[in-house]
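Engineer: What follows is a predicted structure for the sequence shown.
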Amino acid sequence: MTVSFPPGFLWGTATAAYQIEGAVGEGGRTPSIWDTFSHTPGKVENGDTGDVAVDHFHRRADDVRLMSELGVNAYRFSVSWPRVQPTGRGPAVQRGLDFYRALVDDLLDHGITPVLTLYHWDLPQELETAGGWPERDTAHRFADYARIVADALGDRVERWTTLNEPWCSAFLGYASGVHAPGRTEPVAALRAAHHLNLAHGLAAQTLRTALPARGQVSVSVNPSAVRARTDSEADLDARRRIDALANRVFTDPMLHGTYPADLLTDTEHLTDWSFVHADDLAVIRHPLDSLGINYYSPTVVSAATDSDGPRERKDGHGPAPHSPWPGADAVVFHRAPGDVTDMGWPVDPTGLHELLMRYTREAPRLPLVITENGAAYPDKPGADGTVHDPERIRYLHGHLSAVHRAMADGADVRGYFLWSLLDNFEWAYGYGKRFGAVYVDYDTQDRVPKSSARWYGELARTGVLPGC
Ligand code: FCB
């Protein structure tokens, strides 16, 4: 069945600074935790780093032209904190800000709406050396940085996002250690989660005062569509625990100004949560203009039984000998049924529908935006140089049908951002996983739009999702 999306719907692609920019030593930029981590042997597959990435820092103008040719009307990018405020403290570096100003101007010249994310995981290394997200001061440093960027770009960027996927920053960065800074300290991860929430709230307040009235403030979370393997009491309790640690630890304070009581109980043997100060929750619950949802795949859990043997601690983001789930050691993760992408992530659009309906119920007047969705496949150019990726088209079609269904069921969805514009540095997986709608030849930096890019561009131009 052919379906149509409303006029004004944002059709975008998304990227993140460290995954595409390269130019890590230029213009006064200092290292972020991802520079340190990727240069530490054994942390990233193949020893890959973001030193060059896809050289977007130098190819910015061409990349914007490419987006315009494809036909998308929005672009979600992130600002590299150490590029605009080296070391994470003190004055801004004008050359860093100039890069983003030029990017935004190019986008606006092409009629593409910029959607700016302040933090997509590249904490200035100096702030990590001072303790990182487990320390409260990092949240205040983030609000200062938000002010710098808002003062520089608030006249031309309307859509602002504080954090990208705080779950990954807190729990992959500080508990499982598969992401930078690679620490494996469960209590530090819980502290990091709270300070990321606080950073979000403080930055949201700062943006409100620094931006013109039309400025819109959002955050992008990666909620998990958690399913219990059976409806036994034990499996349902496993689901409840993971729902608390994956989802409610962020969305409860952000949307409702509370921490889930069950989470505090589940983790009381680890911490008394006294790092949450009296007024923090009121700061974190700052009214938002939209909620960004990043979705790739559902999660299936059960309670451990004696026959489970040594537990596989899967988090879908790399091998994890340490659990990213503090206090949930008795939960076992299973692969959901169905086809998987090159990440090994099951393809299941029903999880996206489920999440859109969940947040529609939880925050009825809050518009939703899908700020990331997409799939990695082992794409290669054919003999004629073109790149065909029918699996990605199928993936996108399935997920966009789910979005449309959610809208028909009452979800107020305002936009969709395909992850990603370009093949890029996929964190701990390095360059081995290709998420781009546009293929990148990493030797020459040539860009070749895959068939999915053409397909998506047509959809963006017409708003019509053909039947499949
Ligand atoms: C998300 C990240 C994004 C990208 C995709 C595949 O978790 O936000 O940077 O790595 O996964």
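Structural biologist: Cool, got the structure.
Engineer: Pull up the residues of the stretch 151-300 of the chain that are close to the ligand.
Structural biologist: 164, 165, 168, 222, 294 (CB under 6 Å from any ligand atom). Using the backbone N, CA and C atoms, a C-beta is placed for each residue, glycine as well.
Engineer: Can you tell me which of those residues is closest to residue 209?
Structural biologist: residue 164 (22.6 Å; CB to CB).
Engineer: coming back round to it: may I ask which two of the residues of the stretch 151-300 of the chain next to the ligand are separated the most?
Structural biologist: Longest distance between any two of those is 9.5 Å, between 168 and 294; criterion CB to CB.
Engineer: between these two, what contacts are shared?
Structural biologist: residue 222 (CB atoms under 8 Å, 6 or more residues apart in numbering).
Engineer: And for residue 270, the neighbour number?
Structural biologist: 13 (other CB atoms under 10 Å).
Engineer: no, scratch that, I was asking about residue 261
Structural biologist: A count of neighbours around residue 261, defined by other CB under 10 Å, yields 10.
Engineer: Next: residue 361.
Structural biologist: Counted with other CB under 10 Å, residues neighbouring residue 361 total 9.
Engineer: now the strands for the stretch 151-300 of the chain?
Structural biologist: Taking DSSP state E, counting those that start in this stretch as the criterion, the stretch 151-300 of the chain carries its strands at 159-164, 216-221, 226-228, 291-294, 299-303.
Engineer: which of the ones you listed is buried the deepest?
Structural biologist: Mean neighbour counts were compared across the strands of the stretch 151-300 of the chain using mean count of other CB atoms under 10 Å; the top stretch is strand 159-164, at a mean of 26.
Engineer: I would like the residues contacting it, please.
Structural biologist: With contact meaning CB under 8 Å, 6+ apart, strand 159-164 is reached by 16, 76, 78, 113-121, 146, 150, 169, 196, 199-200, 203-204, 207, 211, 215-220, 292, 294, 371.
Engineer: one more time with 7 Å, if that's ok
Structural biologist: 16, 78, 113, 115-121, 196, 199-200, 203-204, 207, 211, 215-220, 292 (CB atoms under 7 Å, 6 or more residues apart in numbering).
Engineer: what do you get for stretch 430-439?
Structural biologist: The contact list for stretch 430-439, computed with CB under 7 Å, 6+ apart, reads 13, 44-46, 48, 66, 342-343, 374-379, 381, 387, 418-426, 442, 447-450, 452-453, 456.
Engineer: let's go with 8 Å and repeat that
Structural biologist: 13, 44-48, 66, 70, 342-343, 374-379, 381, 387, 392, 418-426, 442, 447-450, 452-453, 456.
Engineer: Output the below-cut-off pLDDT ranges for the stretch 251-400 of the chain.
Structural biologist: Scanning the stretch 251-400 of the chain with the threshold set as pLDDT under 70 gives 306-320.
Engineer: that older thread, as CSV, the strands of the stretch 151-300 of the chain with distance to residue 126 would be great.
Structural biologist: Converted to CSV, the strands of the stretch 151-300 of the chain look like this (distance: least, CB to CB, whole Å):
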stretch, distance to residue 126
strand 159-164, 19
strand 216-221, 25
strand 226-228, 36
strand 291-294, 28
strand 299-303, 35
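Engineer: Quick one: residues contacting residue 409.
Structural biologist: Residues in contact with residue 409 (CB under 8 Å, 6+ apart) are 353, 357, 360.
Engineer: Need the pLDDT of it.
Structural biologist: Per-residue pLDDT puts residue 409 at 98.
Engineer: residue boundaries of the helices in the stretch 201-350 of the chain?
Structural biologist: For the stretch 201-350 of the chain, applying DSSP state H, counting those that start in this stretch gives helices covering 233-243, 249-251, 261-266, 280-284, 350-362.
Engineer: name the helices or strands packed onto the shortest one?
Structural biologist: If you count contacts as 3 or more CB pairs under 8 Å, 6 or more residues apart in numbering; DSSP states H and E, helix 249-251 packs onto helix 166-167, helix 186-210.
Engineer: The longest one - contacts with which helices or strands?
Structural biologist: To tie it back to what came earlier, the one meant is helix 186-210. The helices and strands touching helix 186-210, judged by 3+ CB pairs under 8 Å, 6+ apart, are helix 137-153, strand 159-164, helix 166-167, helix 173-174, strand 216-221, helix 249-251, helix 280-284.
Engineer: Next, the angle from that helix to strand 216-221.
Structural biologist: If you take axes from the mean of the first three to the mean of the last three CA atoms, to 10 degrees, helix 186-210 sits at 160 degrees to strand 216-221.
Engineer: Residue 418: helix or strand, and which one exactly?
Structural biologist: Secondary structure assignment for residue 418, by DSSP states H and E: strand 413-419.
Engineer: Please export the C-alpha coordinates of that strand as PDB.
Structural biologist: In PDB, the C-alpha atoms belonging to strand 413-419 read as follows (Å, rounded to 0.1, in the frame of the first residue of the first chain):
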ATOM      1  CA  VAL A 413       5.900  12.400  14.500                       C
ATOM      2  CA  ARG A 414       7.500  15.400  12.900                       C
ATOM      3  CA  GLY A 415      10.500  14.000  11.100                       C
ATOM      4  CA  TYR A 416      12.800  11.100  10.300                       C
ATOM      5  CA  PHE A 417      16.600  11.100  10.000                       C
ATOM      6  CA  LEU A 418      18.300   8.200   8.300                       C
ATOM      7  CA  TRP A 419      21.500   7.100   9.900                       C
END
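Engineer: Flag every buried residue along that strand.
Structural biologist: Buried residues in strand 413-419, defined by neighbour count with 16 or more other CB atoms under 10 Å: 413, 415, 416, 417, 418, 419.
Engineer: before we move on, what about stretch 248-260?
Structural biologist: Across stretch 248-260, burial judged by 16+ other CB under 10 Å covers 248, 249, 250, 251, 252, 253, 254, 255, 259, 260.
Engineer: Give me the distance from that stretch to the chain's centre.
Structural biologist: What separates the centre of stretch 248-260 from the centre of its chain is 18 Å, taken as CA atoms, centre = their mean, to the nearest Å.
Engineer: What of stretch 66-75?
Structural biologist: 20 Å.
Engineer: List the neighbours of it that are in contact with it.
Structural biologist: With CB under 8 Å, 6+ apart as the criterion, stretch 66-75 contacts 10-15, 64, 107, 110-115, 415, 417, 421, 437-438, 447, 449, 453-454, 456-458, 460-461.
Engineer: What of stretch 168-179?
Structural biologist: In this structure, residues lying in contact with stretch 168-179 by CB under 8 Å, 6+ apart are 33, 37, 119, 121, 132-134, 163, 180-186, 188-190, 192-193, 196, 222, 245, 313, 315, 317-320, 322-326, 427-428.
Engineer: and if you look at stretch 280-292?
Structural biologist: Counting by CB under 8 Å, 6+ apart, 161, 194, 197-198, 200-202, 204-205, 208, 216-221, 251, 253-259, 359, 363, 366-371, 414 sit against stretch 280-292.
Engineer: Can I get that stretch in CSV, CA atoms only?
Structural biologist: Taking Å, rounded to 0.1, in the frame of the first residue of the first chain, the C-alpha atoms of stretch 280-292 are listed here in CSV:
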residue,chain,number,x,y,z
ASP,A,280,18.4,18.5,40.2
LEU,A,281,15.2,16.9,39.2
ALA,A,282,13.5,20.2,38.7
VAL,A,283,16.4,21.3,36.4
ILE,A,284,16.3,18.0,34.4
ARG,A,285,12.6,18.2,33.8
HIS,A,286,12.9,21.1,31.5
PRO,A,287,9.9,21.4,29.1
LEU,A,288,11.1,20.1,25.7
ASP,A,289,9.8,21.0,22.2
SER,A,290,10.3,17.5,20.9
LEU,A,291,11.8,14.2,21.9
GLY,A,292,14.3,12.5,19.6
